[in-house]
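Colleague: Could you work out the structure for the sequence below:
(one chain, ligands or ions: 1)
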Amino acid sequence: MAVRPIITIPDPVLRIVAEPVTVVDDEIRTLMDDMLETMYAAPGVGLAAVQVGVNRRVVVLDVAREEDDRQPMMFANPEVTWTSQETSVHEEGCLSIPKIYEEVERPARCKVSYLDRDGVLREIHCDGMLATCIQHEIDHLNGILFIDHISRLKRERIVRKFAKAKRLLNAEAAE
Ligand code: NI
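Modeller: Sure thing, here's the model as predicted:
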């Protein structure tokens, strides 16, 4: 397993619509393992393959509480098949937008179909933290970030801040 570098905004890679996984093979399983290691090292509760620059519909999650044992979850081609009318608001963050946290409203519950680590088609019913996180990660596979769900003013302010920080870093590197 290996920790891979995480891509941050405003990198256009994060806006790519990821390609479906055709077969869950050893390459995909290695990707899942690396993504979990990268996520735990960050630390974070979820990661999509696009965030490590891999154009595939793969997501990993672990929404276990810190004091509990790890509960790694791996998804290939996850797809929301149902959402509740009822919504909930949770504060979200993202490893591609470090140190920014904003409240986001999403359906409170959802059903998601996916292929597991062995390529078996499964469906899970999600609520609470899992529902929020899995919707956030599936958004990534469609080039959508959680800041797309907040006001345009706030979003533009955040993107400008990250773009400026990157320009400063590049200027320092060029010196
Ligand atoms: Ni994210």
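Colleague: show me what contacts Ser113?
Modeller: 78-79, 81, 121-123 (Cβ atoms under 8 Å, 6 or more residues apart in numbering). Any C-beta I mention is one placed from the backbone N, CA and C, and that applies to glycine too.
Colleague: Tell me which of those fall in strands.
Modeller: Judged by DSSP state E, the subset of the contacts of Ser113 located in strands is 78-79, 81, 121-123.
Colleague: any idea which of the residues you listed has the most stuff around it?
Modeller: With neighbours defined as other Cβ atoms under 10 Å, the most crowded of the ones in strands among the contacts of Ser113 is Pro78; it has 24 neighbours.
Colleague: do you know how far that residue is from Ile134?
Modeller: To Ile134, Pro78 is 7 Å away according to Cβ to Cβ, to the nearest Å.
Colleague: which residues do those two both contact?
Modeller: Common neighbours of Pro78 and Ile134, using Cβ under 8 Å, 6+ apart, are 59, 112.
Colleague: Can you say which helix or strand has Glu37 in it?
Modeller: When elements are assigned from DSSP states H and E, Glu37 belongs to helix 26-41.
Colleague: List of residues touching that helix?
Modeller: 1-4, 6, 21, 45-47, 49, 52, 54, 56, 58, 60, 62, 70, 72, 74, 76, 95, 117.
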